[in-house]
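In: turn this into a model:
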Amino acid sequence: MNPKAGAQPGMLPLQNLKVLELGHIVAGPAASLILADLGADVIKIERPDGGDQARSMPGAGSSGFFHYNRNKRSLAIDLKSSKGKEALLKLVSTADICLDNYSPGALERLGLGYEDLAKVNPRLLYLAVKGFLPGPYENRLALDEVAQMMGGLAFMTGPPGRPLRAGASIIDIGAATYGIIGILAALYMREFTGVGQKITSGLFETTVFLVGQWLARAGQSGEPAKPMATEGQGVRMGWGIFHLFPTSDNRQVFIAVTSNTHWERFCREFDLPDLHADERLNTNPKRANARDWLLPRVNAETAKYTAQALIAKLEGANIPYSPVNRPDQLFDDPHLLATGQLIPTTFPGGRTAGVPKMPFKSSLYNMGLRRVAPGLGEHTREVLAEAGYSAAEIEAMLAQGAVLSGEAADLR
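Out: I've put the predicted structure just below:
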C-alpha cells in the first residue's frame, strides 16, 4: 500500500488496501465491512462446503449476510489442503490486513496463525476478534450473549432477576469496531516502523468497556449495581422527566427534560403555567424529587394527544424526544431517506429494502454499494489469477477440490 499514490478527489480512503477476511456470522464480517465500505479490496475467504455459516441460517436469518458482506469478493478455498494453504499464503504475501473471528487456536492448528503469516509478510497487520483478550480466559469459547451475560450488560438491561440480551449484536459489532480502530492505528504506525503487528479484540472486554460507567459508579459509591429498570437513567442523572409517556392512540413517546430551559419551553408549549411557576419544580433535582406527583400530571397531559400531534409539539418546542420505533419502521424515516443513509439491498426472493451505511459522513467522499454480497466462490478464478496463477493451475486446483468457483448470489 502506498497512501500517497494515485489520490483522486472523492476516492475512498482505503482504496489501495488489500484485506483478507477469514470471518463468519457477525464479528469478522462486520470488521471487514468497515474496511470494505471505506474502499479496501476485501477478499472473503470461505470454506467450499457452504462458506460463511450466515449464508445458510434458517428463514430470514441469512439476510444479515447481505448486510455485512457487501463490497467484498468471495474466494472459496480448502485451507486444510496443501494447495489451498499454499494459495492463502501467496495472497498473504501481498496483503495489507488479515482478520479472523474463528475459535481460539483454529488457524494456528492449520499453521496459519499470525506468527506463520508474519513470516511470509512481516508488514502484515492482523486482527483477531476473540471471546477474550490474551489471559486466563483466552481459550474459552464465547458468543455475543456469553459476553453480555458475563460482562454485566445483560444484568443492567433486563428487569431484576431477568437478565436480558440487548436487541442487536452490539458486542460482536462493538468488538469488531474497536478492533478496526486498533488496525487503523497500526496502519499509521507501520508507515514509521515498516513492520506489521497483531491486534486482538475481545468480546468480553468490549462489554466491560461499555459498562464502564457502572463500574465507575460502583467504584465511587461502594454499592452494588442495580438494573436500569429499577430506577432508570433519569433518576440516576437527577432528571425528573426522562421517561416514556402515553398518547391517545396507544403509542409511547420518550421525552427528556434535562435543563431549566427545556422545562420552560415544555410548560409554555403545553400551557402549564402553574407547573412553571411552582418553586418545587424550578431545578432538575427538585423535579426529580417530585416524580411521584409530577409524572402522573405529565402523563395526563401527553395522553390528550396522538403520537403525531405530541411529536409536533415537542419538535416545535425543541425538546429532546423520540417515538418508540420498530426497526422496520426505519425504512420510511424521513431523515434516513433524505440523507441517503439506507443502501437499497436485494435479498434472496427478490425483495429490496434499505440497510444502513456506516454511521459517519465525510466531506470528501461518499460510501455506498459498489458490490452486492458475493455468491460462494464467485471471485475464486479472478482472485487466483490476480495472485499469479495460470488458467491451467486454477483448473487443476478446482479439479483437486482445493478451491471452488461459484456464481453470483441468486436473488430471484
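
In: what sits closest to Glu138 if chain neighbours are left out?
Out: Distances taken as C-beta to C-beta, 6 or more residues apart in numbering put Phe132 closest to Glu138, at 5.1 Å, once the chain neighbours are dropped. Where C-beta positions appear, they are placed from N, C-alpha and C, glycine not excepted.

In: you'd agree the one you found is in a helix?
Out: No: going by DSSP: H, G, I helix; E, B strand; the rest coil, the assignment for Phe132 is coil, not a helix.

In: so it makes contact with Val146?
Out: No: applying C-beta atoms under 8 Å, one finds Phe132 not in contact with Val146, separated by 9.9 Å.

In: of the two, who's got more company?
Out: Phe132 (21 against 18; other C-beta atoms under 10 Å).

In: quick one: residues contacting that one.
Out: Residues counted as contacts of Phe132 (C-beta atoms under 8 Å, 6 or more residues apart in numbering) are 138, 140, 142, 202-205.

In: next, find the distance separating it from Asp37.
Out: For Phe132, the distance to Asp37 equals 28 Å [C-beta to C-beta, to the nearest Å].

In: picking that back up, return every residue with contacts to both of Phe132 and Val146.
Out: Counting by C-beta under 8 Å, 6+ apart, the common neighbours of Phe132 and Val146 are 203-204.

In: so where is this protein shaky, pLDDT-wise?
Out: 1-7, 9, 232-233 (pLDDT under 70).

In: cutoff 50 now
Out: With pLDDT under 50 as the threshold, the chain has no low-confidence stretch at all.

In: any buried residues in the longest helix along it, and which?
Out: For the chain, the longest helix by residue count, based on DSSP state H, is helix 170-193. The neighbour-count check on helix 170-193 (16 or more other C-beta atoms under 10 Å) flags 170-180, 182-184, 186-187, 190 as buried.

In: what does stretch 99-115 give?
Out: Neighbour-count burial for stretch 99-115, with 16+ other C-beta under 10 Å as criterion, is recorded at 99-102, 104, 107, 112-114.

In: next: stretch 69-81.
Out: 69-79, 81.

In: can you tell me which of the residues you listed is nearest Gly10?
Out: Set against Gly10, the nearest of those by C-beta to C-beta is Asn71 (16.3 Å).

In: burial count for Thr339?
Out: Count around Thr339 with other C-beta under 10 Å applied: 11.

In: quick one, phi psi at it?
Out: Per-residue torsions, Thr339: phi -90, psi 0 (degrees, to the nearest 10).

In: how close does the spatially closest residue to it that is not a sequence neighbour sit to Leu124?
Out: Once flanking residues are discounted, Thr339 sits nearest to Lys361: 7.8 Å by C-beta to C-beta, 6+ apart. With distances taken as C-beta to C-beta, Lys361 is found 31 Å from Leu124.

In: ok, now Asp292?
Out: 61 Å.

In: more crowded one of those two?
Out: Neighbour totals were compared for Asp292 and Leu124, and Leu124 leads with 23 against 7 (other C-beta under 10 Å).

In: got the contact list for the closest residue to the more buried one other than its chain neighbours?
Out: In space, Leu124 comes closest to Gly196 once its chain neighbours are excluded; the distance is 4.3 Å by C-beta to C-beta, 6+ apart. Contacts here follow C-beta under 8 Å, 6+ apart; on that basis Gly196 touches 118, 121-126, 186, 190.

In: please apply the same query to Ile170.
Out: Ile170 is in contact with 144, 210, counting by C-beta under 8 Å, 6+ apart.

In: tell me how far it lies from Gly111.
Out: In this structure, Ile170 and Gly111 are separated by 34 Å, where distance is defined by C-beta to C-beta.

In: quick one, what contacts the residue lying closest to Asp41 once chain neighbours are set aside?
Out: Sequence neighbours aside, Lys18 is the residue nearest to Asp41 in space, at 5.2 Å (criterion: C-beta to C-beta, 6+ apart). With contact taken as C-beta under 8 Å, 6+ apart, Lys18 is in contact with 1, 40-41, 43, 94-97.
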